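>>> sequence first, predicted model second:
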Amino acid sequence: MSNTKNILITGGAGFIGSHIVRLFVNKYPNYNIFNLDKLTYAGNLENLRDVENKPNYKFIKGDITDSEFINKLFSDIKFDGVIHLAAESHVDRSITNPGEFINTNIIGTLNLLNAAKNSWANNKNNNIFYHISTDEVYGSLGNTGKFTEQNAYDPRSPYSASKASSDHLVRAYFHTYGMQTIISNCSNNYGANQFPEKLIPLVINNIKNNKPIPVYGKGENIRDWLFVEDHAKAIDIIFHKGKSGETYNIGGNNEWKNIDLVKKICEIADIKLNRKPGESEKLIEFVKDRAGHDARYAIDSSKINAELNWQPTLTFEQGIKITIEWYLKNEQWLNNVLSGEYEKYYNKQYKER
Ligand code: NAD
Ligand code: TYD
């Protein structure tokens, strides 16, 4: 019996999605990988140049909010599994434009669930709908404790509220319709190909261009950072070995106060750019805080560690050096994404801070 499988990856042209597509296309030549992406400002096919001609890879341009299109896609192609990443993903944008997050993250997920349910109605047990989510659904932590899979949801930004809602829908389809589903909730990712609106690539880009580095509030908020390729490995393991109906938390066990993280990046960049020690740090500017800024995220990943034997492979020292080098070397990639749209966003986002 052939073990060829058709796997749909949504949002595969984005930051995390492109790492998953690359991993799956190269590691599983018997899988046909279909990358469905609308190519919003955050989607970039340049991220996948190295796999675009592989025989087991196909790109489909499309919008998950278009239910007619999604239903037709699922009737044209019999998918064995879905790994769903397509989303609006930036908290600051969700504060200025929540509607788009509701549409893409909630309605888009609903459309995929409906299409998968209909397509799999006669073969419920041999398919899996794997939803990629965030630790931000759990809310904000005080000085102690970590998010476990048992934490009650307490989303506090339009972004995290829309992701929480999509998680609830996925669970509802498991319980109500007997669909095979899995969810994982991951902490902040960093690495190559991240759009430079997010903290780490934004800081590297501004250092490179001698632009002020905007740190929100006092820089005391804490995030738990995970190298994106380690997240991709976790997703591979969960997709193949995770239990249907379950949730897995994924984290880096690597908490950093924003200001300490920014200073660390400045220190490494000074070396890479042959600057005097302390030179890049002078670019730091404390700016107006984000509205409703979550104080601290930290993930307890003991479940995935104990049940699926996953843990990060890289230390933060290793991962952040690789990441800084990548952005400094890939000038063309940065220039291409720093187009007119980015400039408009940046000026609007930061001019009043
Ligand atoms: P991203 O913004 O870099 O990429 C999102 C991708 O989705 C883009 O390629 C975009 O074109 C596509 N997309 C957006 N709207 C679409 C639509 N309507 N139809 C089809 N495609 C659409 O995001 P990312 O950082 O790679 O995050 C991917 C997923 O992982 C998201 O679901 C996010 O919530 C989750 N996540 C991200 C992080 C993180 O630190 N970045 C952490 C945990 C979970
Ligand atoms: P971000 O990368 O947007 O991820 P998230 O908000 O989803 O955690 O931001 C990471 C942290 O960095 C967050 O506490 C907000 C802060 N931040 C700044 O201080 N300055 C910035 O310019 C940005 C984009 C973020």
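Perfect, I can see it now. Ligands and ions are numbered 1, 2, ... in the order given.

>>> how about residue 164, what does it touch?
Neighbouring residues of residue 164 by C-beta atoms under 8 Å, 6 or more residues apart in numbering: 137, 153, 155. C-beta: built from backbone N, CA, C; applies to glycine.

>>> cool, and residue 296?
Residue 296 neighbours (C-beta under 8 Å, 6+ apart): 140-143, 221-223, 255.

>>> what's the answer for residue 100, then?
88, 93.

>>> now it, what's its secondary structure?
helix (DSSP: H, G, I helix; E, B strand; the rest coil).

>>> check the contacts of residue 296 one by one and keep those near ligand 2.
221, 223 (C-beta under 6 Å from any ligand atom).

>>> which member of the contacts of residue 296 is positioned nearest residue 92?
residue 221 (13.3 Å; C-beta to C-beta).

>>> surely the closest one meets residue 256?
No. Contact criterion C-beta atoms under 8 Å: residue 221 and residue 256 do not qualify, at 9.8 Å.

>>> distance of the residue in the stretch 201-350 of the chain positioned nearest to ligand 1 from residue 130?
Of all residues in the stretch 201-350 of the chain, the one sitting closest to ligand 1 is residue 231 (7.4 Å; C-beta to the nearest ligand atom). Going from residue 231 to residue 130 by C-beta to C-beta, to the nearest Å gives 13 Å.

>>> between those two, who's got more neighbours?
residue 231 (25 against 22; other C-beta atoms under 10 Å).

>>> and the helices in the stretch 101-250 of the chain, which stretches?
In the stretch 101-250 of the chain, the segments counted as helices under DSSP state H, counting those that start in this stretch are 108-119, 158-177, 199-208, 228-241.

>>> which one of those lies closest to ligand 2?
Comparing those by C-beta to the nearest ligand atom, helix 199-208 comes nearest, at 3.6 Å.

>>> can you tell if that closest one touches ligand 2?
Yes. Using C-beta under 6 Å from any ligand atom, helix 199-208 reaches ligand 2 at 199, 202.

>>> for that helix, what does the pLDDT average out to?
The average pLDDT within helix 199-208 is 98.

>>> got a list of what residue 51 touches?
Taking C-beta under 8 Å, 6+ apart as the test, what residue 51 contacts is 21-22, 25-26, 57.
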